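> build me a model from this:
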Amino acid sequence: MKRLFLISICIVFVMTSTILHAQERAPLGNGNVAVKLGYIVFTNDHFDEAFNQDDGLYIGLEGYGQIFPNLYLGGEIGQGINIDVLGEDITFVPIELNLKYAIEASRNFVIDFGAGVSYIYVGLRDQDPFGSGRDEDDWLFGGQFFGDLTYKIHWFSIGVNVKYQITQDFRDEDFDLNNLRVGAQIGIMF
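Residues are numbered from 1 along each chain as shown. The predicted structure is shown next:
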């Protein structure tokens, strides 16, 4: 029984030191997952018209894995929504594939920046007090570039992020859903 206990302690020690060593070499660990909460604003002039609300809330989930030192491949899925009593109600669901480069700026701070491609579901619905209006949806291609500042506490991370996304025009319309997102994230590294 003592041998099993001693062997278990040795295995835990080796695994813990291996994980910690990997995190020291990899700014964001060998992989990481984070939940994002932020503000989204659509930048097209179309949304500046009367009764159109051009901003809202964004919530997302991202995950990345290290493919080379300091280079991570991953993705994000989320939903941006604006709630507007009168005007245009926007549902915005991006599915992203991203590549980012991370550097440790100081002992526990990591700066990363990157870019990627996206496929985005967009639903537009006019809120009309008389019950009429349009209800349309479309899938759009897009691309984005972004930057994050992350603070690491062992395997836990907390940070801020900014992302600008460019999309193609909405179906048969003369406006796009380009947007700017600013927010915070919490996550884990492994």
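
> going by C-alpha atoms from here, please, whenever you check contacts or count neighbours.
Fine.

> how many neighbours does the residue nearest to residue 153 when sequence neighbours are not counted have?
In space, residue 153 comes closest to residue 108 once its chain neighbours are excluded; the distance is 7.2 Å by CA to CA, 6 or more residues apart in numbering. Residues lying near residue 108 (other CA atoms under 10 Å) number 13.

> residue contacts, residue 108?
Applying CA atoms under 8 Å, 6 or more residues apart in numbering, we find residue 108 in contact with 151-153.

> ok, the strand or helix carrying residue 122: who's next to it in the sheet?
Using DSSP states H and E, residue 122 maps to strand 109-127. Neighbouring strands of strand 109-127 in its sheet, by DSSP bridges, are strand 87-104 (antiparallel), strand 135-153 (antiparallel).

> pick the most buried one from those.
Of these, the one with the most neighbours on average (mean count of other CA atoms under 10 Å) is strand 87-104, at a mean of 20.

> and that strand, how far out from the chain's middle?
Offset of strand 87-104 from its chain centre (CA atoms, centre = their mean, to the nearest Å): 5 Å.

> ok, and the closest non-adjacent residue to residue 147?
In space, residue 147 is closest to residue 113, 4.2 Å off (CA to CA, 6+ apart).

> what's the answer for residue 71, then?
residue 101 (4.7 Å).

> any idea how far that neighbour lies from residue 26?
11 Å (CA to CA, to the nearest Å).

> next: residue 159.
Taking CA to CA as the measure, residue 159 falls 17 Å from residue 26.

> what about the residue nearest to residue 153, distance to residue 150?
Here residue 108 is placed at a distance of 8 Å from residue 150 (CA to CA).

> do the same with residue 57
Residue 57 is 21 Å from residue 150, by CA to CA.

> tell me what the nearest residue to residue 148 once chain neighbours are set aside is bridged to.
Leaving out its chain neighbours, the residue that sits closest to residue 148 by CA to CA, 6+ apart is residue 161, at 4.3 Å. Beta-bridge partners for residue 161, by DSSP bridges, are residue 148, residue 183.

> can you check residue 79 too?
Bridge pairing for residue 79 - DSSP bridges - gives residue 59.

> and the next element down the chain from the least confident helix or strand in the chain by mean pLDDT?
Every helix and strand of the chain was ranked by mean pLDDT, DSSP states H and E. The lowest is helix 2-25, at a mean of 53. Per DSSP H and E, the first helix or strand lying C-terminal to helix 2-25 is strand 31-42.

> for that following strand, buried residues please.
31-42 (16 or more other CA atoms under 10 Å).

> and that strand with strand 87-104, angle?
140 degrees (axes from the mean of the first three to the mean of the last three CA atoms, to 10 degrees).

> in contact with the closest residue to residue 104 other than its chain neighbours, which residues?
For residue 104, ignoring the flanking residues on the chain, the nearest one in space by CA to CA, 6+ apart is residue 110 at 4.3 Å. Applying CA under 8 Å, 6+ apart to residue 110 gives the contacts 27-28, 102-104, 149-152.
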